[in-house]
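> Here's a sequence, model it:
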Amino acid sequence: MLRLLAYAALVALLVSGAVWLADHPGTVMVEWLGWHLETPVPLALGALLILTGALIFVWRLLAGLVRLPGHWLDGLRGRRLRRGYQALSDGLAAAAGGDRREAARLAGKARKLLADPALTSFLSAQSAQLAGDGETARDHFKAMLERPETAALGLRGLLKQALDRGDDIAAADLAGRARLISPGDGWLLELQYRLAVKAARWPEAQALIAEAKRHKAISPQEAKRRTALMLTARAEAAAADGLWTEVQSLGKRAVAADKGLTAAALLLARAYGQLQRPRAAAAVLEQAWSHSPAPALAEAYTALKPEDEPLPRLRRLEKLVAGKADAAESHLVLAEAALAAKLWGQARKHLLEAVSLRPSQTPYRLLAQLERQEYKNEEAARAWEAKRSEAQPDPTWVCADCGKPSPDWHWACPHCGELDRLVFGTPKLTA
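Take a look at the predicted model:
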């Protein structure tokens, strides 16, 4: 639309000029070196325009001839770069496919055509890694640090090498340098956090939790969970040194951050017991049971008063499980206590409830024990034991990553080393 308006304005201006010249006729006279020229004004203007156009054409022709070698060289460089980038792209694809020889050939071709070591170093490093030449790969990754555009990739390559050879100190340093380039990178934040936890650098780990939360790399709930885990680990270290007042302080903060963290509740209850505060210990265990029932909590609760007779112990355990009375673990705890108190009917009721909620091996074992103790019925006991042999395993701590069980909770899986992946549940049966 704007072009159309501009064109119309130009035409109107030319028409106006032509009309004005027609209304004001005249001649142009030129005398120079004995020559005399006389011509009408319109003709003189036309000749001037033609002369101007010719001069512009000649100027552009000469300029084009001067620039021709440069354009030709630019074309050659452009074709060379295109071939170099094509070799680089094909080389990366070959490296990803594991073709060591093709990757090395294309790396050399790209390096020759592009003449930029920092740009081609990644492909050269990949081909060197495929050939098992870690030293050459490291040199190429270091060359990438010279170029801002490839520095982050070079640092990641060096970082992976450090992790592969188990050099946590070098890995932590490289991860810190990489985060200066990419402060909010979730993978780097996670790696730094894991390295800090592994080395028990708790202030650094806490700062990284806050950074990950600020950059939205983890949720606020996950940040609380990690804070609780870190405080629990510190409490475990303090307990090993017998610093029970410190264990109490750290345990209280851990439980406040995550009320369902069994390990934190057990440590805090143990600290209260050492500091002669059994009621506080009982309250902690009762709260933990209401969030996440686990046999270790019942064992710790019973240990608060080991001198109790079976019936008073049953009444105390009823208080423990009250916050989660309908859980299978609650019925099992009360069933065992009722068996010890010889309250057969109550024991049977809880065991049958446990079987209906979770038909695992323990309730069938206890039902067989009940048949023998109450009725001396060996046939009925064997029937329950037959069901037990076909039942699913009892719940225990199972790694959500590798699937392997552990008798106790640990922050890191004893089998695969992953952090905070143990959950209380039924292990998978293996063929």
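> Show the contacting residues for the closest residue to residue 402 other than its chain neighbours.
Residue nearest to residue 402 in three dimensions, not counting chain neighbours: residue 416, with 4.1 Å by CB to CB, 6 or more residues apart in numbering. (Each C-beta comes from the backbone N, C-alpha and C, glycine too.) With contact set as CB atoms under 8 Å, 6 or more residues apart in numbering, residue 416 has these partners: 399, 401-402, 404.
> hang on, residue 416 in a strand?
No - going by DSSP: H, G, I helix; E, B strand; the rest coil, the assignment for residue 416 is coil, not a strand.
> could you pull out the helices for the stretch 301-431 of the chain?
With DSSP state H, counting those that start in this stretch, the ranges of helices along the stretch 301-431 of the chain come out as 310-321, 328-340, 344-357, 361-374, 378-390.
> Format those as JSON lines; extra columns: distance to residue 183.
Below are the helices of the stretch 301-431 of the chain laid out as JSON lines (distance: least, CB to CB, whole Å):
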{"stretch": "helix 310-321", "distance to residue 183": "47"}
{"stretch": "helix 328-340", "distance to residue 183": "44"}
{"stretch": "helix 344-357", "distance to residue 183": "49"}
{"stretch": "helix 361-374", "distance to residue 183": "51"}
{"stretch": "helix 378-390", "distance to residue 183": "56"}
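> Of the ones you listed, give the one that comes closest to residue 253.
Closest approach to residue 253 among those (CB to CB): helix 310-321, 23.5 Å.
> Could you tell me the angle between that closest one and helix 328-340?
170 degrees (axes from the mean of the first three to the mean of the last three CA atoms, to 10 degrees).
> Give me the helices and strands touching helix 310-321, please.
With contacts taken as 3 or more CB pairs under 8 Å, 6 or more residues apart in numbering; DSSP states H and E, helix 310-321 sits against helix 278-291, helix 295-303, helix 328-340.
> now the ones you listed in CSV, with mean neighbour count, distance to residue 204 and mean pLDDT?
Shown next, in CSV, are those (neighbours: other CB atoms under 10 Å; distance: least, CB to CB, whole Å; pLDDT from 0 to 100):
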stretch, mean neighbour count, distance to residue 204, mean pLDDT
helix 278-291, 19, 29, 96
helix 295-303, 19, 30, 95
helix 328-340, 23, 37, 96
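> To residue 248, which of those lies closest?
Closest to residue 248 of those is helix 278-291 (CB to CB; 9.0 Å).
> Figure out how far that closest one is from the centre of its chain.
Going by CA atoms, centre = their mean, to the nearest Å, the spacing between the C-alpha centre of helix 278-291 and its chain's C-alpha centre is 34 Å.
> ok, and what's touching it?
With contact meaning CB under 8 Å, 6+ apart, helix 278-291 is reached by 255, 259-262, 265-266, 268-270, 272-273, 297-298, 300-301, 304-305, 319-324, 330.
> among those, which ones are buried?
In the contacts of helix 278-291, burial by neighbour count holds for 255, 259, 261-262, 265-266, 268-270, 272-273, 297-298, 300-301, 304, 320-321, 324, 330, counting by 16 or more other CB atoms under 10 Å.
> And residue 184, how close does it get to residue 197?
Look at residue 184 and residue 197: by CB to CB, to the nearest Å, they are 20 Å apart.
> repeat for residue 371
Separation of residue 371 from residue 197 (CB to CB) stands at 49 Å.
> This structure: strands as residue ranges?
For the chain, strands defined by DSSP state E occupy the ranges 27-32, 35-40, 396-399, 405-406, 422-425.
> Can you add mean pLDDT, mean neighbour count and distance to residue 339 and give those back as JSON lines?
JSON lines is the format used below for those (pLDDT from 0 to 100; neighbours: other CB atoms under 10 Å; distance: least, CB to CB, whole Å):
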{"stretch": "strand 27-32", "mean pLDDT": "68", "mean neighbour count": "10", "distance to residue 339": "129"}
{"stretch": "strand 35-40", "mean pLDDT": "69", "mean neighbour count": "10", "distance to residue 339": "130"}
{"stretch": "strand 396-399", "mean pLDDT": "90", "mean neighbour count": "20", "distance to residue 339": "22"}
{"stretch": "strand 405-406", "mean pLDDT": "90", "mean neighbour count": "16", "distance to residue 339": "26"}
{"stretch": "strand 422-425", "mean pLDDT": "85", "mean neighbour count": "16", "distance to residue 339": "23"}
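> Tabulate those strands (a markdown table), appending distance to residue 288.
Shown next, in a markdown table, are the strands of the chain (distance: least, CB to CB, whole Å):
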| stretch | distance to residue 288 |
| --- | --- |
| strand 27-32 | 109 |
| strand 35-40 | 110 |
| strand 396-399 | 15 |
| strand 405-406 | 19 |
| strand 422-425 | 12 |
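> Out of those strands, the one nearest residue 136 is which?
Here strand 396-399 is closest among these (CB to CB), at 37.7 Å.
> Which parts of this protein belong to which domain?
With domains defined by automatic domain parsing, the chain comprises 242-306, 308-391, 395-431.
> Now render the ones you listed as a markdown table, adding distance to residue 141.
Shown next, in a markdown table, are the domains of the chain (distance: least, CB to CB, whole Å):
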| stretch | distance to residue 141 |
| --- | --- |
| domain 242-306 | 40 |
| domain 308-391 | 52 |
| domain 395-431 | 26 |
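> So which of those is nearest residue 145?
The minimum distance between residue 145 and the domains of the chain falls on domain 395-431, with 30.0 Å, by CB to CB.
> how far out from the middle of the chain is the closest one?
Distance of domain 395-431 from the chain centroid (CA atoms, centre = their mean) equals 21 Å.
> mind listing what's buried in it?
Of all the residues in domain 395-431, those buried under the rule 16+ other CB under 10 Å are 395-399, 404-405, 409-413, 415, 419-422, 424, 427.
> same thing with stretch 197-208?
By neighbour count on 16+ other CB under 10 Å, the buried set for stretch 197-208 is 197, 204-206, 208.
> Extract the C-alpha trace of that stretch and format it as CSV.
What follows is stretch 197-208, C-alpha atoms only, in CSV (Å, rounded to 0.1, in the frame of the first residue of the first chain):
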residue,chain,number,x,y,z
VAL,A,197,26.6,-35.0,49.4
LYS,A,198,29.0,-37.8,48.6
ALA,A,199,31.9,-35.7,50.2
ALA,A,200,29.7,-34.6,53.1
ARG,A,201,30.1,-30.9,52.2
TRP,A,202,26.8,-30.0,53.9
PRO,A,203,26.8,-26.2,53.6
GLU,A,204,27.6,-26.5,49.8
ALA,A,205,24.8,-29.1,49.5
GLN,A,206,22.3,-26.8,51.2
ALA,A,207,23.3,-23.9,49.0
LEU,A,208,22.8,-26.0,45.9
